[in-house]
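Chemist: Let's see this in three dimensions:
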Amino acid sequence: MASLIVGQVAIVLVGFLLYQLFFRSKSKFPLPPGPKPLPIVGNIRDLPPPGTPDFRHWLPFKEKYGPISSVTLLGRTLVIIQDKEAAVEYLEKNSSKTSSRPQFEFANMCGYGTMLAFMDYTDLFRQHRKFVHHQFGTTALVSRFNGVQEIESKRFLMRIFKEPESLFQHIKTEAAATILKIVYGYNVEPFGADPLVRIINDVMENASRAMLPFKKPVEIFPALKRLPDWMPGAGFKRLAREWLALTDASAYIPYNHVKRQMENGTYQSSYVSELIQTHGNGKNMEPDEDTKEAIVRTAQMLFTGGADTTVAAIMAFVLAMIHHPDVQEKAQEELDRVVGTDRLPTYEDRPNLPYINAFMKEMLRWFTVAPVNTAHKNDEEIIFRGYRIPKGSYTVASNWWFLHDPKTYANPMAFDPDRYLAPRNEPDPTGMFGYGRRICPGRFFAQENLFITVSQTLAMFKITHAVDENGKPIEADRSKKRELH
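Modeler: Below you'll find the model as predicted:
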């Protein structure tokens, strides 16, 4: 078996060399500029090193090679776009050709390829996205969840009041509780650990590690999947099986919970129950296998995709308030003046809170939830601005730079909601939810959820530094803002 694997790897390398010599595109258009690749392996030395955020690694490429640059690895091209107009033009105006996703061997072995965010642009993807869009695709649609969001926000405030030292855990609990209630009608344990939340949090952590490109040899040499489990270097197969079991559990345990409640007549209306009612057949309201799988996997993606980014955004909000007390004071003054001090703000107050609305925009800009978007893959060769983008190339856009470009945003590192108000009127932040046909289908829900959590927290608490045993402020680590990514 070992000799077979070695032979397959050798065939891959020989095939690659033959392709480079005889079949590579003879187009007169060059690839986007970038560092000189090594023979065969390409720019393996030019990929982001461990611990370095991608957006920071690629920033110097803008100065050295221009707003569109590229690197290659074993013949695969990665294009880095660091000009907002170019990103919109390439990823949105060409979205019929640029909406597929890279497929990573290890991630697929772990089951993540079945999730909407990581699927190729196929009929199956379109079916899954249609399900989500019909429930979450507009502000009007997600407004029906406002009641749940307000209840969970108030529970969040109660948890902080009782145990302020456990803030991070409370943020994770609120994000999980809100989405699980809406997606599955599931009530999270109000205090203490919840078993389902623990499983899903583990899946999210595993996914963030599994989706890192080119981090495992099997990504470069897929034939390694055939290694026997006992061979040295095959540990990734055992790990993938463990993660796959957890991925499937996080998808089917809550789905089966909804099914049991529907059979018993004790269910609460949710994303899953509504789809089962719409597509179910027979006495047991069982959808056909393909539809069932679509319901299961889109529900799973709503949680894993939504909870993680919500937690990061709320943590960044807390950090911003610690370091910008003047902004916090101004936001609280508007809340006191418009809402009063005898109740908490609601969604109905939002049109009368211009500074809070500007505050929300600044949250999304200052802390860029997706500093580099999830890579797109083009399904055919594209000639773009004089460059050749080969079929199957990966493309990422530097959202962080677009939202911190000093030519667009004055003093971009400052948290300053006034930048969106007259007379400055700086442009609203865009791009952080994705591009074209890959734009996040849950973006309206996310923004509504952030508004109620942030506004009610500001109305209830003053956010300051923690203090040590001597009463001295403990300096918050600004670097954590970036580590949240």
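Chemist: Make sure Pro102 is indeed in a helix.
Modeler: No: assessed by DSSP: H, G, I helix; E, B strand; the rest coil, Pro102 does not belong to a helix; its assignment is coil.
Chemist: Quick one: low-confidence residue ranges for this protein.
Modeler: Along the chain, segments meeting pLDDT under 70 span 1-26, 213-215, 476-485.
Chemist: Please repeat the previous calculation with a cut-off of 80.
Modeler: Low-confidence regions of the chain, defined by pLDDT under 80, span residues 1-27, 189-193, 208, 211-216, 219-221, 282-284, 305-306, 466-485.
Chemist: distance of Lys330 from Asn94?
Modeler: Note on Lys330: its distance to Asn94, by CB to CB, to the nearest Å, is 42 Å. C-betas here are computed from N, CA, C, even on glycine.
Chemist: Please apply the same query to Pro429.
Modeler: Counting by CB to CB, the gap from Pro429 to Asn94 is 23 Å.
Chemist: Leu47 now?
Modeler: Where Asn94 is concerned, Leu47 sits at a distance of 25 Å (CB to CB).
Chemist: same check, this time on Leu421
Modeler: For Leu421, the distance to Asn94 under the criterion CB to CB works out to 35 Å.
Chemist: Specify which residue of these two has the higher count of neighbours.
Modeler: The residue with more neighbours, out of Leu421 and Asn94, is Asn94; 18 against 13, by other CB atoms under 10 Å.
Chemist: Please give me every residue in contact with the closest residue in space to that one that isn't next to it in sequence.
Modeler: Of all residues beyond its chain neighbours, the one nearest Asn94 is Ile382 (6.2 Å), with distances taken as CB to CB, 6 or more residues apart in numbering. By CB atoms under 8 Å, 6 or more residues apart in numbering, the contact list for Ile382 reads 90, 94, 97-98, 388-389.
Chemist: So what sits opposite Ile382 in the bridge?
Modeler: With DSSP bridges as the criterion, the beta-bridge partners of Ile382 are Ile389.
Chemist: Which secondary structure state does Leu78 sit in?
Modeler: At Leu78 the chain is in strand, as set by three-state DSSP.
Chemist: partners of it in the sheet?
Modeler: With DSSP bridges as the criterion, Leu78 is bridged to Val71, Tyr394.
Chemist: That one against Val396, yeah?
Modeler: Yes: in this structure, Leu78 sits in contact with Val396. The criterion is CB atoms under 8 Å, and the distance is 7.2 Å.
Chemist: Common neighbours of those two, please.
Modeler: Between them, Leu78 and Val396 share the contacting residues Ala375, judged by CB under 8 Å, 6+ apart.
Chemist: would you list every one of the strands in the chain?
Modeler: The residue ranges that make up the strands of the chain, judged by DSSP state E, are 68-73, 76-81, 376-377, 382-384, 387-389, 394-397.
Chemist: How many residues are close by Arg388?
Modeler: Residue neighbour count, defined by other CB under 10 Å, stands at 18 for Arg388.
Chemist: tell me the phi and psi of Gly282?
Modeler: According to degrees, to the nearest 10, the main-chain angles of Gly282 amount to phi 80, psi -170.
Chemist: separation between it and Asp288?
Modeler: When distance is defined by CB to CB, Gly282 is 11 Å away from Asp288.
Chemist: who has more neighbours, these two?
Modeler: When Gly282 and Asp288 are compared for neighbours, Asp288 comes out ahead with 11 against 6, by other CB under 10 Å.
Chemist: Which residues are in contact with the more buried one?
Modeler: Contacts of Asp288 were listed using CB under 8 Å, 6+ apart, and they are 279, 281.
Chemist: Relative to Gly280, how far out is it?
Modeler: According to CB to CB, Asp288 stands 9 Å off from Gly280.
Chemist: out of the strands of the chain, nearest to Arg238?
Modeler: Between Arg238 and the strands of the chain, the tightest spacing by CB to CB is seen for strand 68-73, at 26.1 Å.
Chemist: can you tell me which residues contact the closest residue in space to Pro48 that isn't next to it in sequence?
Modeler: Beyond its immediate neighbours in the sequence, the residue positioned closest to Pro48 (CB to CB, 6+ apart) is His57, lying 3.9 Å away. Contact analysis of His57 by CB under 8 Å, 6+ apart lists 47-49.
Chemist: So among those residues, which ones count as buried?
Modeler: The neighbour-count criterion (16 or more other CB atoms under 10 Å) marks Leu47 among the contacts of His57 as buried.
Chemist: Nearest to Leu74, out of the contacts of His57: which one, please.
Modeler: Lowest distance from Leu74 to these (CB to CB) belongs to Leu47, with 12.0 Å.
Chemist: so Gly113 makes contact with Phe125?
Modeler: No: with contact taken as CB under 8 Å, Gly113 and Phe125 are classed as non-touching, separated by 11.1 Å.
Chemist: No further queries at this time; thank you.
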